[in-house]
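**Q** Fold the following.
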Amino acid sequence: MMKVKELFSQASDYLDQEVTISGWIRNHRKQKDFGFIDFVDGTCFPSLQIVYDTSVVDFEGVQKLHIGSSICVRGKFVSSVGKGQNYEVQATEITLLGDCPEDYPMQPKRHSNEFLRSQAYLRPRVNLFRAVFRIRSVAAMAIHTYFQDRGYLYVHTPLITTTDCEGSDQMFKITTFDFDRLPMKDGHVDFSKDLFGKKAYVTGTGQLHGEAFAMAFRDIYTFGPTFRTEKSNTKTHANEFWMIEPEMAFCDLNGLMDIEEEMLKFVISYVMERCKEELQFCDQFVENGLLKKLQQVVDTKFIRITHEEAIQILKDAKITWEFSPEFGEDIQKEHEKYLTEYFHGPVFITNWPKDIKAWYMKLNPDGKTVAAVDLEVPGAGELMGGSQREEDYEKLVTRMKEMGIDREPVEWFLNLRKYGTCVHSGFGMGFERLIIYLTGVTNIRDVIPFPRTPGNCDF
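**A** Next comes the predicted model:
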C-alpha cells in the first residue's frame, strides 16, 4: 500500500506504474462518462487527483461515492495533462471502505472558523487545519531538535504540584473530597485529609522544577501542557495550552537573549524548510505577506532596549494612545505593535519594574527593576518572557515577604540557593502563540486541536 507523500516525493520511481492507495474523498466531480476525485490520505498537504472513466470496475457504483468516504484506489500513476496538478492516478478500480452520508458537515466550500470549532473532531480534514496542525507538529519537532542538538536535557516536570509559581491564584485545584461532606478543622477545609495531605494544583508552569534540574544538568528544557483558571475570552488565552521552558545554569540575562533569538530563528527556518506548501497556503489564504514576515525575523538582528527606554520612545511618539504609556507600568498591545514597527523587527525589552514582575526574578542593583526580558515580535506582540533568576538566598526570601508569597510550599526551591547556587536564567514561550505567529491564524482556539476555554470543554 503506497502513501501519497511517497508518490509525490519519489514520482520518477513510480511514474507509469500501477499503485494502490487508501484515503478519503475531499471532492467528487462527476460527468456522464468520467469523473474526478480529489483524494487525500493525510500523509502530506497536497491532494492527489484520481481520474476514472467507464472502464473502471463498477462505474455506476463509483459515481455514487460520497464526499468524506474512505476508499481504496488501484490504478496507474501518471503525469497529469490537466491544470492544477503535476500527477494523477488513472483508476482501474475504486473500492468503498467506509461510506459517508450526504449531510457530512465538511463539504467542499468555505466554512467559518466559528462553525469549524463546533466540528473540532472533523475540522482536521479542512485545508486550513490540515496546514495548521502539520505546522504545529513540525514546529514541535524543531523545538526538540534545537535543544537536543545543543545538549539540553528534556525534563518531564509534574503536572500535579503544590506550588503556585506565579502567585496569581490562577491554578486549578485538585481534590478527592466529596464536596457534600468536606472535612473541616477550625472553620476551614482540612486538606491534611486529602489525597496528598495538602493543597494541590494542576501546574501553571514547570519552571521551579526545571530550575532544580538545571542545578544538576546545567541546560534543561520542559515542553508540555500547562493550565490556568483565568476567565479570559481573548484570542490569545486558553485554559489549557503548551509551554516551552528552558532553564540554563551559568547564564545571565544577555546570554538568555542570545538563546531566545537563536532558538526562534532556528524554529522558523526549520518550519519554512519542511512546510513549504502549508506556509504558502497560509500566506495566500490566512495572512498575506506571512512568508516575508517570517523571513524578515530570520534575517534581522533583534534590538535590545530597557523598559525605561521603551516607555520614553512611546511617550515621544506623535500618537494618541488608548492607554497612555507610563514609567513603572506594563505596556499594552498597541505599544508592542508600535515598538516592533519603530525598529522594523523583533525587540527585547529588559529591566522591568520589579512591582509588575514575578518574585523569583533577579533584583537589579538599582533596587527598582528586575533582570527580566520580554521578546516582542511584529504582528504578535509578546512571544517569550524570561529572566535571570534570583540566586541570592536572602534577597529571594526578602522579595517573597514583600510580595506575600507563602514560603512553606517552595522551601525546597529556596534550598537550591543554599546548595551550590549559581547565576542562572530561563524563559517561557507559549507554544500556541508561536503557532499563531507561524501560520497567521489569529485565534488560539484555531491552533489547538481541541481548545479548552471558558464555557468550552467539548469533545
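**Q** Mind jotting down where the strands sit in the stretch 301-450 of the chain?
**A** Taking DSSP state E, counting those that start in this stretch as the test, the strands found in the stretch 301-450 of the chain are 303-306, 347-353, 369-377, 381-388, 424-430.
**Q** actually the stretch 51-200 of the chain, sorry about that
**A** Using DSSP E, counting those that start in this stretch, strands in the stretch 51-200 of the chain cover 70-79, 87-98, 153-154, 160-161, 173-174, 184-185, 188-189, 200-202.
**Q** mind checking how far the third one is from the chain centre?
**A** From the chain centre to the centre of strand 153-154 is a distance of 19 Å (C-alpha atoms, centre = their mean, to the nearest Å).
**Q** just the fifth one next, same as before
**A** In terms of C-alpha atoms, centre = their mean, the gap separating the centre of strand 173-174 from the centre of its chain is 25 Å.
**Q** repeat for the fourth one
**A** Here strand 160-161 shows a centroid-to-chain-centroid distance of 22 Å under the convention C-alpha atoms, centre = their mean.
**Q** So which residues make contact with it?
**A** By C-beta atoms under 8 Å, 6 or more residues apart in numbering, the residues outside strand 160-161 that reach it are 174, 196, 200, 201, 202, 203, 209. Every C-beta, even on glycine, is put in place using the N, C-alpha and C of the backbone.
**Q** go again using 6 Å as the cut-off
**A** By C-beta atoms under 6 Å, 6 or more residues apart in numbering, the surrounding residues in contact with strand 160-161 are 200, 201, 203.
**Q** Distance check, the residue lying closest to the second one once chain neighbours are set aside against residue 178.
**A** In space, and not counting its chain neighbours, residue 201 is closest to residue 171: 4.0 Å by C-beta to C-beta, 6 or more residues apart in numbering. Going from residue 171 to residue 178 by C-beta to C-beta, to the nearest Å gives 22 Å.
**Q** So which of those two has more stuff around it?
**A** Applying other C-beta atoms under 10 Å to residue 171 and residue 178 shows that residue 171 carries more neighbours, namely 22 against 8.
**Q** how much space between that one and residue 409?
**A** According to C-beta to C-beta, residue 171 stands 12 Å off from residue 409.
**Q** before we move on, back to that, separation between the residue nearest to residue 201 and residue 131?
**A** On the measure of C-beta to C-beta, residue 171 and residue 131 end up 34 Å apart.
**Q** any idea of the angle the strand ranked longest in the chain forms with strand 87-98?
**A** In the chain, with assignment by DSSP state E, the single longest strand is strand 17-30. Interaxial angle of strand 17-30 relative to strand 87-98 (axes from the mean of the first three to the mean of the last three C-alpha atoms, to 10 degrees): 70 degrees.
**Q** Show the average pLDDT along strand 17-30.
**A** The average pLDDT for strand 17-30 rounds to 97.
**Q** neighbouring contacts of it?
**A** Contacts of strand 17-30 (C-beta under 6 Å, 6+ apart): 1-2, 36-41, 47, 63, 67, 69-70, 72-74, 76-77, 108.
**Q** Stretch 300-319 now?
**A** Outside of stretch 300-319, the residues within contact range by C-beta under 6 Å, 6+ apart are 261, 325, 327, 335, 343, 345-352.
**Q** What of stretch 242-255?
**A** The contact list for stretch 242-255 (C-beta under 6 Å, 6+ apart) reads 143, 206-207, 210-211, 214, 218-223, 225-226, 371, 388, 422-426, 428-429, 431.
**Q** Can I have the buried ones of the residues you listed as a ChimeraX selection?
**A** Selecting the buried subset of the contacts of stretch 242-255 in ChimeraX, with 16 or more other C-beta atoms under 10 Å as the burial test, is done by:
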select :143,206,207,210,211,214,218,219,220,221,222,223,226,371,388,423,424,425,426,428,429,431
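**Q** Cross the contacts of stretch 242-255 against helices and list the overlap.
**A** Members of the contacts of stretch 242-255 lying in helices (criterion: DSSP state H): 143, 207, 210, 211, 214, 431.
**Q** Quick check, residue 43 in contact with residue 6.
**A** No. Counting by C-beta atoms under 6 Å, residue 43 does not reach residue 6; the two are 7.7 Å apart.
**Q** State whether residue 281 is indeed within a strand.
**A** No. Residue 281 is assigned helix when assessed by DSSP: H, G, I helix; E, B strand; the rest coil, not a strand.
**Q** and it, how many neighbours?
**A** Other residues near residue 281 number 21, with proximity taken as other C-beta under 10 Å.
**Q** Narrow the contacts of stretch 300-319 to those that are buried.
**A** Members of these classed as buried by 16+ other C-beta under 10 Å are 261, 325, 335, 343, 345, 346, 347, 348, 349, 350, 351, 352.
**Q** Name the nearest of the residues you listed relative to residue 125.
**A** residue 346 (35.0 Å; C-beta to C-beta).
**Q** isn't the closest one right next to residue 378, touching?
**A** No. Counting by C-beta under 6 Å, residue 346 stays clear of residue 378, with 7.0 Å between them.
**Q** From residue 334, how far off is residue 349?
**A** Taken as C-beta to C-beta, the span from residue 349 to residue 334 is 15 Å.
**Q** again but with residue 287, I slipped
**A** For residue 287, the distance to residue 334 equals 20 Å [C-beta to C-beta].
**Q** show me the contacts for residue 457.
**A** No contacts exist for residue 457 under C-beta under 6 Å, 6+ apart.
**Q** again, 10 Å this time
**A** 239, 240, 450, 451 (C-beta atoms under 10 Å, 6 or more residues apart in numbering).
**Q** Backbone dihedrals for residue 329, please?
**A** Torsion angles at residue 329 (phi, psi; degrees, to the nearest 10) stand at phi -120, psi 170.
**Q** quick one: terminal-to-terminal distance for stretch 399-407?
**A** 11 Å (C-alpha to C-alpha, to the nearest Å).
**Q** Now that stretch: average pLDDT?
**A** Rounded mean pLDDT across stretch 399-407 is 91.
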